[in-house]
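Undergrad: take this sequence and fold it.
(2 chains)
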Amino acid sequence: MKKWGYLVLLLCCLDSRQLWAEPTGDENADLNLIPKSVETAITEPLQEGGSRLSGKAFIEDALTGWLNKRLLVPVPSPSLSPSWQNRTSLDVDYSWQAGEKIRLNVSDRLNAIEGDTITFPSGNNVRNDFREGYLSWEILPRTYLEAGRINLKNGVALGYNPTDFFKPRTTVDIASIDPSALREDRLGALMVKGQKIWDNGAATLAYSPKVESESSLPITQHKSFAPLFGQTNSDNRFLASLSYNIADINPQALVFFDNNGTHIGMNVSRVLSSSIVAYAEWSGVREASLTKRAVIFGQTTGSLPQGAPLLPQTAPGKSFQNDLALGASWTSSFKLTVNLEYHYHQAGFGASDFNRWVSLGSINPLLASEFWFIRQYSIDQQEPLMEHEIFLRFDWQDIIPSKLNVGAVIFISPYDASVLYQASAQYFISRRWTVGLYLGNGLGGANTVNGSLPWSASGVLQIVRYF
Amino acid sequence: MTRHAYFWLMLLVLVTGAVPKAFAAEAYRPSAQTVIERSDAVRNPDKPFRLKLLLSEYVEGSVRNEIVLRVYSKTDRVSGQFKNLVRYMEPPRDLGKAVLMNGTTMWFYDPASKSSVRISPQQRLVGQASEGDVITVNLAKDYSAKFAGPAEGETLADADHKPRKCWHLELAPSNDSAVYGRVEYWVEMDSYRPVKGKFYSDSGRLLKIAYYHKYQEQLGALRPSEIILVDAVNTKLVTTINFSGYRATEIPDSWYQREFLPHLKVE
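TA: Residues are numbered from 1 along each chain as shown, chains lettered A, B, ... in the order given. Predicted coordinates:
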């Protein structure tokens, strides 16, 4: 019986200790990390409902400066090598829900531009960029019919998008390297677009008609309020695309018809790990070389004389040309994202083509003019000049939390290791004010792909006020 | 006292006193995974819903930035995990940006460039209070749980400094969708309400400390209407996430396609 007594006493001892563990001092110390102002803050519930009108408007001023240098292949026009330019823009991008199924979208930028290569005052000091204006009608659930000027973009890469078939001639001002202008000020094309979105994929059909004759390169300023349909709608074009979620690679297949021929394309992407995404984009078309297409375009638009020689690429005919962008992004735990891409553009210059460009252009002003035209044409088409290219992008957010983001974009020529880079910093002064600084340079000898560009340094100071 | 009386007295003490208490917690304790599942059910409605979030970012106690988001969430029939659509409503510079998260399929849409970029789970962690923190997640689907604290639980002060009897759990990732490398989680024993979480990187670094509080009736249950998020790397940074405007709503599966992002209505 004594054994029972010992057992009872033992259990009573167990009982006498506290059933629940005491709060652990360290864990409760975490509460000291919460400021009093947070504990006492009173947050009102956010209002529901609201306007059918949604969008944003901002005023932006971008002052760009270039330090120009002596070139082996001189530029034919001073407008290609300005020293400074200032752009003040009113930018609006709004969407109005006109009914349950109908939405009107408008995107526009009105610019006031001054610079050392722009006569002041003149009609060239004001320019309106009508980017988008279209009606979207959801005729059946997730079945959309849209008509108007639409910016239709495809592709998964960042530096070059072979499957972004509507990209040619959408850039407004190729004399500017203002990155915000290049990225965000893209013109849409007049088109009718139909789209069906299913639970596991989507199909899109788009027809973009010819409404004007092809216009020349926007090297010189165009008419202030011209809608530039001669850039975006100088050909009948048709796009069909189909995407389907399978094997977690989200493939999208595309077919595109234009006056060049029938383009086919495919893009895929896949998450490889918690921090890495891989992606690839390919397109192919039977077409002429970059030089041949540029010369034909120049002759058609009156920018180049009839009989202009096919230099530096001398191949006269068409052949099947491939375009590829292969890349991956990696994100660190300290909020840095790095993209590395390889770009292949079969119709572009090879090393011997480029060397020929430099050697002939440096001794013959007429050929120099044609060569710069080809280079401008490649920018206008948004296709690489060279056959091979390496692209790097760094995006580092919250260097100062909620205040400062920094980044860099780098193009590397594998032929001569020359580099074209642009470093950027964005500082968010307040909810409505942002300041941006962009610094760029082409590094390499005067006879290299990126060292042959007209400037030794460029900088943009950008101030934005949102409404 | 006779020997019989002594025996029955001891037996009475045994039956009514120490033994049940000593073993009660063990006897009635659900599995760790069940605790997480029931805790998920406290945070997340069991039907498709939308809500609005206000993120207030504090630096050394002063509000530096505020972000307003609209979130559409519904459970994926196959995985049991939530699918989320997040649309930025404020600040003005971010208006219209959208993030789609469906398992490891994640796309970020920027209306300025009219394009979508595929992002990795790690990119959800970009930002002081990232998409990874604001989206609806069933932790039980992405993590396997085990008890970390005493079997009988431990008492922990909540964000209002009130003591709560909690299970202390440790969560390890069970698939690639898991945002964090490790999670410590405290769940109130009676109510299954989450009280606190500590979130670690893959390398074991403490990244964030979360406190769940201000429980309010939302879509049929008491749910936290505020999360206080302390940045453990830079403890001067604290973010509050306020949840409001819960509304049950039909959300078609086709909304969780990258092509739908430009069509997301203003609501």
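
Undergrad: neighbours of residue A:330, how many?
TA: 18 (other Cβ atoms under 10 Å in any protein chain shown). All C-beta atoms are positioned from the backbone trio N, CA, C, and that covers glycine.

Undergrad: tell me the secondary structure at it.
TA: Following DSSP: H, G, I helix; E, B strand; the rest coil, the label given to residue A:330 is strand.

Undergrad: that one pairs with what?
TA: Beta-bridge partners for residue A:330, by DSSP bridges, are residue A:276, residue A:338.

Undergrad: what residue ranges in the chain score low on pLDDT?
TA: Here I'm looking at chain A. Where chain A drops to pLDDT under 70, the residues are A:1-25, A:45, A:48-50, A:78-79, A:173-183, A:219-223.

Undergrad: to clarify, I was referring to chain B.
TA: B:1-28, B:125-134, B:266.

Undergrad: what about the residue lying closest to residue A:328 once chain neighbours are set aside, which helix or strand?
TA: Among residues not flanking residue A:328 along the chain, residue A:278 sits closest, at 4.5 Å (Cβ to Cβ, 6 or more residues apart in numbering or on different chains). Using DSSP states H and E, residue A:278 falls within strand A:276-287.

Undergrad: equivalent analysis for residue B:171, please.
TA: Residue B:171 belongs to strand B:163-173 when assigned by DSSP H and E.

Undergrad: name the strands paired with the helix or strand immediately after that strand in the chain and say parallel or antiparallel.
TA: Downstream of strand B:163-173, the first helix or strand assigned by DSSP H and E is strand B:182-188. Taking DSSP bridges as the criterion, strand B:182-188 forms sheet pairs with strand B:163-173 (antiparallel), strand B:194-200 (antiparallel).

Undergrad: tabulate those strands (CSV), appending mean neighbour count.
TA: As requested, the strands paired with strand B:182-188 are exported to CSV (neighbours: other Cβ atoms under 10 Å in any protein chain shown):
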stretch, mean neighbour count
strand B:163-173, 20
strand B:194-200, 23
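
Undergrad: can you put the ones you listed in a markdown table and add distance to residue A:264?
TA: Output for the strands paired with strand B:182-188, formatted as a markdown table (distance: least, Cβ to Cβ, whole Å):
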| stretch | distance to residue A:264 |
| --- | --- |
| strand B:163-173 | 40 |
| strand B:194-200 | 46 |
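
Undergrad: tell me which of these sits nearest to residue B:74.
TA: Closest of the strands paired with strand B:182-188 to residue B:74 is strand B:194-200, at 21.0 Å (criterion: Cβ to Cβ).

Undergrad: I'd like the next helix or strand past that closest one.
TA: Downstream of strand B:194-200 (by DSSP H and E), the next one is strand B:206-218.

Undergrad: do the next helix-or-strand element following that following strand and chain A meet at all?
TA: Next in sequence after strand B:206-218, counting helices and strands by DSSP H and E, comes strand B:221-231. Yes. Residues of strand B:221-231 contacting chain A under Cβ under 8 Å from any Cβ of the partner chain: B:226, B:228, B:230, B:231.

Undergrad: now strand B:221-231: how far from the chain's centre is it?
TA: The gap between where strand B:221-231 is centred and where its chain is centred comes out at 8 Å by Cα atoms, centre = their mean, to the nearest Å.

Undergrad: ok and that strand relative to strand B:194-200, angle-wise?
TA: Per axes from the mean of the first three to the mean of the last three Cα atoms, to 10 degrees, the angle that strand B:221-231 makes with strand B:194-200 is 30 degrees.

Undergrad: wait, isn't residue A:351 in contact with residue A:415?
TA: Yes. With contact defined as Cβ atoms under 8 Å, residue A:351 reaches residue A:415; the gap is 4.7 Å.

Undergrad: got the residues of the stretch 251-400 of chain A near chain B?
TA: Looking at chain B, the residues of the stretch 251-400 of chain A close enough under Cβ under 8 Å from any Cβ are A:269, A:271, A:273-277, A:279, A:329-333, A:335, A:337, A:397-398.

Undergrad: how about 10 Å then?
TA: Proximity of the stretch 251-400 of chain A to chain B (Cβ under 10 Å from any Cβ of the partner chain) is limited to residues A:252, A:268-279, A:328-337, A:339, A:395-398, A:400.

Undergrad: and those residues, which are buried?
TA: Neighbour-count burial (16 or more other Cβ atoms under 10 Å in any protein chain shown) is assigned, among these, to A:252, A:268-271, A:274-275, A:277-279, A:328-331, A:335-337, A:339, A:395-398.

Undergrad: before we move on, back to that, who are the contact partners of the residue nearest to residue A:328?
TA: With contact taken as Cβ atoms under 10 Å, 6 or more residues apart in numbering or on different chains, residue A:278 is in contact with A:156, A:249, A:268-272, A:326-330, B:118, B:120.

Undergrad: that's all I had, so thanks and see you.
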